[in-house]
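# Quick one: sequence and predicted model below, then my questions.
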Amino acid sequence: MASFGQFIKTEREKREWTQTEFGAKIGINTSAISRIENGSQKFSKSKLKKLAELFQIENQKIVDLFFADKFANEAFKYKCSDSIFIVAENASNYIKNKNVKQGELEL
């Protein structure tokens, strides 16, 4: 996968929207769209739902792509090994399982 900014650019271009047109639809100025697409500015988490609606892509997929990009950038920044992704998956599974409400046992 490319960066989240590159994903946005690809999806925008599929729809033949200029950066100005896309910016007007999502509420971000053209220069910010340019910076987001080239990776020098991060996309706002608060706009993810609107992005999913505009691109007609499932919101969960947009959220997953956004956070995968964020996590991968942090891992690269701190020179983590590739095993960090396995460790993160295990930690995520632990958190999910820990937060699942246990059913009551009838004795």
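Here it is on my side, so go on.
# Could I get the contacting residues of Ser40?
If a contact means Cβ atoms under 8 Å, 6 or more residues apart in numbering, then Ser40 has no contacts. Where C-beta positions appear, they are placed from N, C-alpha and C, glycine not excepted.
# Now the host helix or strand of Phe7: buried residues?
Per DSSP states H and E: Phe7 is located in helix 4-14. Neighbour counts over helix 4-14 (16 or more other Cβ atoms under 10 Å) mark Phe4, Gly5, Phe7, Ile8, Lys9, Glu11, Arg12 as buried.
# Next: stretch 39-59.
Phe43, Leu48, Lys50, Leu51, Ala52, Leu54, Phe55.
# before we move on, back to that, and the buried residues of helix 4-14, which is closest to Ser81?
Phe4 (22.6 Å; Cβ to Cβ).
# wait, doesn't Gly27 sit right on Lys50?
Yes: applying Cβ atoms under 8 Å as the test, Gly27 and Lys50 come out as touching, 7.4 Å apart.
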